[in-house]
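**Student:** predicted model and sequence below, questions to follow.
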Amino acid sequence: MNDVITVYHLPRSRSMRVLWLLEELGLPYDVKTLEFIPGKFGGSDYTNIHPLNKVPAIKHGETVMFESIAIMQYIIDLLGNESLHPSKKGVEYGPYLQWLHFGESTLAPVIATLMYQRHFFPEEKRSKDVETWAETELKKLFSLLETQLGKHEYILKSGFSAADISVGYCLLLARLAKTHEQITDRIEDYWKILTERDAWLKISEI
Ligand SMILES: N[C@@H](CCC(=O)N[C@@H](CS)C(=O)NCC(=O)O)C(=O)O
């Protein structure tokens, strides 16, 4: 399929993962930046693309899909050049998939919980117990990441991969949620390396 991918985007949202990946792969894409309507991003027309009006979503030929990590896997499988993951036959491929999914399945929900607890919910809807749980959980998750990064510059020994895009985006989310007091020096260094990449610099302007 030769069609250019259209990415439905909101600045600073998870659609950055998709744009970042496309830039790293040097693939062409179109960006449709959605209208910011709280509770219904993009308005009614966009519901045809993403039934929950969330971002990201993509359109590629007749294929329309959502979920940032699934979109990343789709792009890598169909259009990738093997540069953003370790060899499928090697020992790092399993851990690569694990960290790729860790970013959205385990890390992002905890940061999002803190974001709602500290910023989005009105005072009377906030729960100290939920906040304390999320803080404790986030500490554990960052400690795990810290241990992993203790061994090498990026998450995998073999170097930068799409797993860094998945997890790296969460470090922006953590900043937006003002939970970065939990970020350790090593993770801060990792964030610096990621945000110095050309691909990141380019897509953070979109
Ligand atoms: N698991 C989904 C999460 C998508 C998601 O929650 N996106 C946020 C922006 S980062 C959103 O659209 N929120 C609006 C809402 O929940 O109404 C993914 O990775 O694509």
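**Tutor:** Here it is on my side, so go on. Residues are numbered from 1 along each chain as shown.
**Student:** quick check: residues of the chain near the ligand?
**Tutor:** Proximity of the chain to the ligand, by CB under 6 Å from any ligand atom, involves residues Ser13, Arg14, Phe41, Lys54, Val55, Pro56, Phe66, Glu67, Ser68, Glu104. All C-beta spots, glycine's among them, are computed from the backbone N, C-alpha and C.
**Student:** are any of these buried, and which?
**Tutor:** Among the residues of the chain next to the ligand, those classed as buried by neighbour count (16 or more other CB atoms under 10 Å) are Ser13, Arg14, Phe41, Lys54, Val55, Pro56, Phe66, Ser68, Glu104.
**Student:** what segments of this protein are strands?
**Tutor:** 5-9, 29-33, 57-60, 63-66 (DSSP state E).
**Student:** in a markdown table, list the ones you listed along with distance to Leu21 and mean pLDDT.
**Tutor:** Converted to a markdown table, the strands of the chain look like this (distance: least, CB to CB, whole Å; pLDDT from 0 to 100):
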| stretch | distance to Leu21 | mean pLDDT |
| --- | --- | --- |
| strand 5-9 | 10 | 98 |
| strand 29-33 | 10 | 98 |
| strand 57-60 | 11 | 98 |
| strand 63-66 | 14 | 98 |
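**Student:** one step back: could you identify the most distant pair in the residues of the chain next to the ligand?
**Tutor:** Phe41 and Glu104 (17.8 Å; CB to CB).
**Student:** just the pLDDT for Met1.
**Tutor:** pLDDT, Met1: 65.
**Student:** swap in Leu114?
**Tutor:** Note for Leu114: predicted pLDDT of 95.
**Student:** OK, contacts around it?
**Tutor:** Glu131, Ala134, Glu135, Leu138, Ala177, Thr179 (CB atoms under 8 Å, 6 or more residues apart in numbering).
**Student:** from these, which ones fall inside helices?
**Tutor:** Glu131, Ala134, Glu135, Leu138 (DSSP state H).
**Student:** I'd say the last one and Ala112 touch.
**Tutor:** No - in this structure, Leu138 sits apart from Ala112 without contact. The criterion is CB atoms under 8 Å, and the distance is 10.8 Å.
**Student:** compare the two and say which is more crowded by neighbours.
**Tutor:** Shown here are Leu138 and Ala112; by other CB atoms under 10 Å, Leu138 has more neighbours (20 against 15).
**Student:** what's the distance between the more buried one and Gln182?
**Tutor:** As judged by CB to CB, to the nearest Å, Leu138 and Gln182 stand 5 Å apart.
**Student:** now the common contact residues for those two.
**Tutor:** Ala174.
**Student:** so what pLDDT did the residue located most distally from the centre of the chain get?
**Tutor:** No residue in the chain sits farther from the centre than Glu124, which is 30.2 Å out by CA atoms, centre = their mean. Note on Glu124: pLDDT of 96.
**Student:** which residues touch Ile69?
**Tutor:** Listed by CB under 8 Å, 6+ apart, the contact set of Ile69 reads Arg17, Leu100, His101, Gly103, Glu104, Ser105, Ser166.
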